[in-house]
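A.B. asks: quick one: sequence plus predicted model below, questions after.
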Amino acid sequence: MTIGNNRQDYGSWLKSRLPFPIQKITVNAGMTCPNRDGTVGTDGCIFCNNASFSPRYCQPTLTVAQQIEAGKCFFAHKHRRSRSETKFLAYFQAYTNTHAPLERLIGLYEEALAQPDVVGLIIGTRPDCMPPALLNYLKELNRRTFLMVEYGIESANDDTLHRINRGHSFAQTCDAIRRTHESGILIGGHIILGLPGEPPEESLRQAPFISALPLDVLKIHQLQIIRDTPLAREYAEHPFPLYTLQEYIDLLKQYLSLLRPSLIIERVVSQAPSHLLIAPRWGVKNQEVMKQVLG
C-alpha cells in the first residue's frame, strides 16, 4: 500500500528493516519535561495531557521490565497470537525521554533492550534535549540495535511555538535533527495541523520546510482539545473554530502532496480517549480517515 506519490507505507518500511511481526510497547520511564520542571518553563505546552495517549499497562510505578512484560501480555490477548511470533520495540513516549542524567538514561534504555524479544527502541523527546554526550551514546547504540529518535516538532512557525508555550524554536528543531541525522540515527517527527493561529495556508506554507528536514518518518494529527490542559480552559472561555473532518482531510491531502515521496508517513490522524477528548468529535475511526485520504 502507498500513500500518494508512490510513498511507501510505514508498515512496509518497518518490515524492510525488521523482517518479522513488530509491536510497539509504550514505556513510561517516569520522566518529566524541561517545560514543566523549570528548566525552560513550568506550565508545559498548552495542549499537553500525557494521559491522552498512555496505555493502561503503562504505569511509571512499574519498572521498565515490568511494563514491557505487561505490554506483551496486553497485545498477546488483544491480537490473539503467539508471543513467539512477535518482536517488540520499546517506545519511550511519556514526556521527554532524554531529559535526565546520562547514567539514568543508559540504564533505562539498556534495561529495555535486555528484555526477551525486544529488538529496538523508539525514544520520544524534544529538540532542545539532545546533549552531545547522549547523542554519542545513541550513535554507538545504533550500531547494535534498531533505534529511532522521535522529535516533537509541532510547528515550523516560531510565533506558533511561542503561542503554544513550546519552549523551543524551529531553529533548535533543525539543529537537533541535523545532528541526529549526521550520527546515522533514524529520525521521526511529529506535527500538529490546526494549531491556534495557523490557518490551512500557513500549514501548507510550512510543509516544504518539514519536507526538507532529514526526517525518515513523520506523524501528523489534528489539533485536539484535551481535558485538564491550558488549551481546554482557553477553549471553554473563548471557543475558536476547529477543522471539520472533511476540512481536515482536504488539508491533509494538500499537505501530503507537498512532502517528498521518500518521507514515510506513520500516522495522519489521532484520537484521544473519549473521556478526555473535548473536541473535535468526528465519530470516525482512524482507519476510516486513512481510507478517505487514500481515496
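C.D. replies: Now that the structure is in, tell me what you want to look at.
A.B. asks: contacts, neighbours, all on C-alpha from now
C.D. replies: OK.
A.B. asks: what about Arg233, distance to Phe47?
C.D. replies: 10 Å (CA to CA, to the nearest Å).
A.B. asks: who's more crowded, these two?
C.D. replies: Ranked by neighbour count (other CA atoms under 10 Å), Arg233 and Phe47 place Phe47 first, with 20 against 15.
A.B. asks: which residue packs closest to the more buried one, ignoring adjacent ones?
C.D. replies: Closest residue to Phe47 apart from its sequence neighbours, by CA to CA, 6 or more residues apart in numbering: Leu231 at 5.4 Å.
A.B. asks: looks like the one you found contacts Asn49 (just checking).
C.D. replies: No - Leu231 is beyond contact range of Asn49, at 10.2 Å (criterion: CA atoms under 8 Å).
A.B. asks: report the separation between Gly30 and Asn157.
C.D. replies: 30 Å.
A.B. asks: correction: Met31
C.D. replies: Per CA to CA, Met31 is found 27 Å from Asn157.
A.B. asks: returning to what we had before: quickly find the element holding the residue nearest to Phe47.
C.D. replies: helix 230-237 (DSSP states H and E).
A.B. asks: quick one: distance of stretch 248-264 to the chain centre.
C.D. replies: When distances are taken as CA atoms, centre = their mean, to the nearest Å, stretch 248-264 is centred 17 Å away from the chain's centroid.
A.B. asks: what's in contact with that stretch?
C.D. replies: Residues outside stretch 248-264 that contact it (CA atoms under 8 Å, 6 or more residues apart in numbering): 4-10, 13, 200, 203-204, 207-208, 210-211, 215-218, 222, 268, 289, 292-293.
A.B. asks: quick one, which of these are buried?
C.D. replies: Buried by 16 or more other CA atoms under 10 Å: 7-10, 200, 203-204, 207, 210-211, 215-218, 222, 268, 289, 293, out of these.
A.B. asks: filter those down to the ones in strands?
C.D. replies: In strands, judged by DSSP state E, the following of these are found: 217-218, 222.
A.B. asks: turn these into a markdown table, columns for pLDDT and distance to Pro55.
C.D. replies: Putting those into a markdown table (pLDDT from 0 to 100; distance: CA to CA, whole Å) gives the following:
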| residue | pLDDT | distance to Pro55 |
| --- | --- | --- |
| Val217 | 98 | 22 |
| Leu218 | 98 | 21 |
| Gln222 | 96 | 20 |
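A.B. asks: okay but Gly124 is in contact with Tyr151, surely?
C.D. replies: Yes - in this structure, Gly124 is within contact of Tyr151 by CA under 8 Å, at 6.0 Å.
A.B. asks: okay, and Glu266 sits in which element?
C.D. replies: strand 264-267.
A.B. asks: give the contact list for the nearest residue to Glu85 once chain neighbours are set aside.
C.D. replies: Among residues not flanking Glu85 along the chain, Pro21 sits closest, at 6.7 Å (CA to CA, 6+ apart). Applying CA under 8 Å, 6+ apart, we find Pro21 in contact with 15, 85-87.
A.B. asks: ok, of the residues you listed, which one's closest to Arg163?
C.D. replies: Comparing the contacts of Pro21 against Arg163 with CA to CA places Lys15 closest, at 38.7 Å.
A.B. asks: so what pLDDT did that closest one get?
C.D. replies: According to the prediction, Lys15 has pLDDT 94.
A.B. asks: you'd agree it is in a strand?
C.D. replies: No - secondary structure of Lys15 (DSSP: H, G, I helix; E, B strand; the rest coil): helix, not part of a strand.
A.B. asks: how many residues are close by it?
C.D. replies: Lys15 is flanked by 12 other residues according to other CA under 10 Å.
A.B. asks: what sits against it?
C.D. replies: Pro21.
A.B. asks: distance-wise, check it relative to His275.
C.D. replies: 34 Å.
A.B. asks: what of Cys129?
C.D. replies: Cys129 sits 31 Å away from His275, going by CA to CA.
A.B. asks: quick one: the helices in the stretch 101-250 of the chain, in order.
C.D. replies: For the stretch 101-250 of the chain, applying DSSP state H, counting those that start in this stretch gives helices covering 102-113, 132-141, 158-163, 170-182, 200-212, 230-237, 245-257.
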